[in-house]
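Enquirer: Let's see this in three dimensions:
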Amino acid sequence: MGIMDKLSRLFTGAFKHTSAPQSSFDSNAPFDSDKYLAANQEYTDAFCRTFDLTSIEGIRSIDAAQLDEWKKNAPGVPSTPVQILSKQASSYHSSKQMDLAIECLRKVNELYDYDKFPYRQNDYLRLVRYLRDAKRFDEAREEEAKIQARFGHKDETLPKDSFYINYMEDLIRTANVLNTDLVQASTAPNCCELCGKYRGRIFSLTGRDKRFPKLPDDFHLTCGLGLYAFVYGASTPLYVKGDLLTESKKPFVDSRTPEEREAYAQRQQQKTIDATDRDDYAWLQEFLPDLAPKSFGGYRRMKNLDSNNYKTLKVRAAEMGHPIGGEQAET
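Expert: Predicted coordinates for the structure are as follows:
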């Protein structure tokens, strides 16, 4: 099923909005940081008066589908529902009120589905980490399996049935307003091989404009490439170097420089190390709780220092059949 077919199935109904106040912050006036911060706090306070964030039942009762108006009226990112609940989760975590912290993050993960920001899989996994901090290890495994199954991979952004669809729906709406079928793909350094083939070109969204290639179905927006509505003869080609028709019809081959490929490879390597450290720390929390550091940051510091405590952890973990630090078990 192509992207246009997927989009036709979405946004067929209207959400009922919970009443949200108008922000006191005038975004057209010269920026005043004090007024901006005050407006965000005022809006956050109004949200907390409207929705009960002090009980599990109250947090669960928040309908994510009804918060669109609260998001639109927020004077800034700090007072959007996602950020309010995220900060509340952090506050509860710090005060050891883990049940409330976890419930806030469950709602945050639900809200992510209604947001159009490219949240990463790691954002969703914060809930899993809180469950482990609360020693609710079975729930953590179940939640992690759901998140990984939903993504279907360990990529950085949401799968195409969420962020990608929302992004494309907005793009198509803008293109329709401009009466164009064309989009311009940006460029991004340190991107993957797939993005390296598609960056810096003009595409036809539907394939109707035969002067340009149709937007590929596997264009994934994962490495930072953006798509922007483009009006031929009117829009400025910000990313295409040279003749638009010639450049856009070049063979689809990886255009990255050796330096860009190396930077991407290093980033992927670091991501692998980070994932391994996360897995090791999760194991230590469950099976060596008396020796495990109180935080993941503490674990990373002792590992990087190769401290005596870390060496002790390595010995004990290896004895229990779970080598840590990227080492392989002896066979």
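Enquirer: alpha carbons only for contacts and neighbour counts from here, please
Expert: Noted.
Enquirer: how near is the most centrally placed residue in the chain to Leu225?
Expert: Centroid-nearest residue in the chain: Tyr119, 1.3 Å away (criterion: Cα atoms, centre = their mean). Going from Tyr119 to Leu225 by Cα to Cα, to the nearest Å gives 15 Å.
Enquirer: Ok, Gln269 next?
Expert: Per Cα to Cα, Gln269 is found 21 Å from Leu225.
Enquirer: From the neighbour counts alone, determine which of these two ranks first.
Expert: Per other Cα atoms under 10 Å, whichever of Gln269 and Leu225 has more neighbours is Leu225, with 19 against 12.
Enquirer: for that one, helix, strand, or coil?
Expert: Following DSSP: H, G, I helix; E, B strand; the rest coil, the label given to Leu225 is coil.
Enquirer: From what I see, it and Ala188 are in contact.
Expert: Yes - between Leu225 and Ala188 there is a contact under Cα atoms under 8 Å: 5.7 Å.
Enquirer: Now for the two: what residues contact both?
Expert: Residues touching both Leu225 and Ala188 by Cα atoms under 8 Å, 6 or more residues apart in numbering: Arg199.
Enquirer: these two touch, right, the residue nearest to the centre of the chain and Asp113?
Expert: No - using Cα under 8 Å, Tyr119 is not in contact with Asp113; the gap is 9.2 Å.
Enquirer: correct me, but His220 touches Tyr167?
Expert: No - His220 is not in contact with Tyr167 according to Cα under 8 Å; the separation is 10.8 Å.
Enquirer: quick one: the helices in the stretch 51-200 of the chain?
Expert: Listed in chain order, the helices of the stretch 51-200 of the chain (DSSP state H, counting those that start in this stretch) span residues 56-60, 68-73, 81-94, 98-112, 121-124, 126-133, 137-151, 163-177, 193-198.
Enquirer: Compare these and say which comes out lowest on pLDDT.
Expert: Mean pLDDT is lowest for helix 163-177 among the helices of the stretch 51-200 of the chain, at a mean of 83.
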